[in-house]
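>>> sequence unavailable; structure follows:
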């Protein structure tokens, strides 16, 4: 919700360009911005130089970054300084990033994302945005259920888009997380560029502790390269504009190689002793043909062309291992999140949503939607 305590917005202006109209998009959740520094993060400081309560603008490394942004992209250094003076590092983010991930078996991981709430939520989201989803399929060739499932897995259809200031999350990781500092420094650079392009107060947007934003949780570099103004209103709003979010997710998939009309994955049976050597534990495009895999004792449980490139996948089910063949489109899903568990959860959620959506009277089945040439 928009805060009643907004005191104004700070727009990053190009020093060599005319000043654009200052805009605070009404769709972006905005927190109160007091005159004084934000309340300190009381979490103990982690690696790097993060000091709870210290304005980012007072740090030498941040000031060096400001000079680089001024020289490289013609930002007004004094205005960038003012922005960073009103933000601070958040050591709690370092703690979250440094915490080892909990490795879950597939059957437990699946239950988090493929459940009744997300399935029914996906059906409601599809029904509310059917026109935009159909348009995205015509333009980009990506089925509605895949786009819906991505948004469902990422943010529960907008129900949980993150509560951290994106500027503070990215700055904390850029300057106080040495292991991936270079990556997050580039993301911070991209974030400032996108807020300037969109006329957004850089202190306003909220996102994940890693700086991902909006319904589809785009990182800033992905926002710059893949976000689209799908409703034609002149702005790319991925926070509260489902049309823009839908178009942007579909565009991302198209740009990463989505093949319209081709399968994603099918269950498989295995036999013999040679199939373990053909398992694909690493993320790489499929190279073996279905026919060659069949010759090694791997049989798809659904019709698929023998010339289709495929990879053999193994998942830990409750009653033993499950085997699947993943195709090029499966690999494309892993470009969104580099995890085979993630990709399979998205795919299975998409299929469950599609089945339930088709039960509603008047629902347009995906295969009946005409695609653009």
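Cool, got the structure. Quick caveat, the model's predicted, so the values are computed rather than measured.
>>> quick check: next helix or strand after the helix or strand of the chain with the lowest mean pLDDT?
Within the chain, no helix or strand scores below helix 91-98, which has a mean of 89 by mean pLDDT, DSSP states H and E. Where DSSP states H and E defines the elements, the next helix or strand beyond helix 91-98 is helix 106-113.
>>> please name every helix or strand in contact with that next one.
strand 309-317, helix 340-357 (3 or more CB pairs under 8 Å, 6 or more residues apart in numbering; DSSP states H and E). For glycine as for every other residue, the C-beta is placed from the backbone atoms N, C-alpha and C.
>>> can you check which of those gets nearest to residue 112?
helix 340-357 (7.7 Å; CB to CB).
>>> list of residues touching that closest one?
Under the criterion CB atoms under 8 Å, 6 or more residues apart in numbering, residues 104, 106, 109-110, 112-114, 118-120, 122-123, 126-127, 143-146, 148-150, 152-153, 264-265, 283, 313, 315, 324, 326, 330-331, 333-334, 336-337, 363, 366 lie in contact with helix 340-357.
>>> sort out for me which of those residues are in helices.
Taking DSSP state H, the ones among those that sit in helices are 106, 109-110, 112-113, 118-120, 122-123, 126-127, 144-146, 148-150, 152-153, 330-331, 333.
>>> return the residues in contact with the residue nearest the centre of the chain.
With distances taken as CA atoms, centre = their mean, the residue of the chain nearest its centroid is residue 217 (3.3 Å). Residue 217 is in contact with 154-155, 161-162, 207-208, counting by CB under 8 Å, 6+ apart.
>>> from the residues you listed, which two are the most distant?
Longest span within the contacts of residue 217, CB to CB: 154 and 207, 11.0 Å.
>>> and the closest residue to residue 180 other than its chain neighbours, what does it touch?
Leaving aside its sequence neighbours, residue 180 sits nearest to residue 173 (CB to CB, 6 or more residues apart in numbering; 6.6 Å). When the contact criterion is CB under 8 Å, 6+ apart, the partners of residue 173 are 93-94, 97, 180-181, 184, 187, 210-211.
>>> kindly recompute the last result at 10 Å.
The contact partners of residue 173, taken as CB atoms under 10 Å, 6 or more residues apart in numbering, are 48, 89-90, 93-94, 97, 179-181, 183-185, 187-188, 209-211.
>>> for residue 232, grab the count of nearby residues.
Number of residues near residue 232 (other CB atoms under 10 Å) recorded here: 9.
>>> what's near enough to touch it?
243-244.
>>> what's the distance between it and residue 285?
Distance of residue 232 to residue 285, given as CB to CB, to the nearest Å: 35 Å.
>>> follow-up on the earlier one: and among the helices and strands packed on helix 106-113, the most buried is which?
helix 340-357 (a mean of 21; mean count of other CB atoms under 10 Å).
>>> how far does it sit from the chain's center?
Offset of helix 340-357 from its chain centre (CA atoms, centre = their mean, to the nearest Å): 16 Å.
>>> the residue sitting furthest away from the middle of the chain - nearest residue in space that isn't next to it in sequence?
Distance to the chain centre peaks in the chain at residue 272, reaching 39.6 Å (criterion: CA atoms, centre = their mean). Setting aside the residues directly before and after it, residue 272 is nearest to residue 297 in space (CB to CB, 6+ apart), at 3.5 Å.
>>> isn't that neighbour right up against residue 273?
Yes - Residue 297 is within contact range of residue 273, at 8.2 Å (criterion: CB atoms under 10 Å).
>>> who's more crowded, the two?
residue 297 (14 against 8).
>>> on that earlier part again, mutual contacts of residue 154 and residue 207, please.
Joint contacts of residue 154 and residue 207 (CB under 10 Å, 6+ apart) are 161, 214, 217-218.
>>> coming back round to it: weed out the non-buried ones from the contacts of residue 173.
48, 89-90, 93-94, 97, 181, 184-185, 187-188, 209-211 (16 or more other CB atoms under 10 Å).
>>> inside strands: which ones of those residues?
Using DSSP state E to define strands, no part of those is located there.
>>> can I get those in TSV including distance to residue 236?
Below are these laid out as TSV (distance: CB to CB, whole Å):
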residue	distance to residue 236
48	32
89	28
90	26
93	25
94	30
97	27
181	27
184	22
185	23
187	17
188	19
209	23
210	20
211	17
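>>> next step: the residues you listed restricted to helices.
Using DSSP H, the buried ones among the contacts of residue 173 in helices are 93-94, 97, 181, 184-185, 187-188.
>>> tell me the one among those residues nearest to residue 259.
Nearest member of these to residue 259, counting by CB to CB, is residue 187, at 28.8 Å.
>>> tell me who's in contact with the closest one.
Neighbours of residue 187 in contact, by CB under 10 Å, 6+ apart: 166, 169-170, 173-174, 180, 210-212, 219-223.
>>> out of these, which two sit at the greatest distance?
Across the contacts of residue 187, the longest distance by CB to CB is 18.6 Å; it joins 180 and 223.
>>> got a pLDDT number for residue 104?
Here the pLDDT value assigned to residue 104 is 89.
>>> same check on the one 3 residues further on?
In the prediction, the pLDDT value recorded for residue 107 is 96.
>>> check the one 5 residues further on too.
The pLDDT attached to residue 112 in the predicted structure is 96.
>>> that one contacts residue 153, correct?
Yes - between residue 112 and residue 153 there is a contact at 8.9 Å, judged by CB under 10 Å.
>>> of the two, who's got more company?
When residue 112 and residue 153 are compared for neighbours, residue 153 comes out ahead with 23 against 12, by other CB under 10 Å.
>>> correct me, but the more buried one touches residue 118?
Yes - counting by CB under 10 Å, residue 153 does reach residue 118; the two are 7.5 Å apart.
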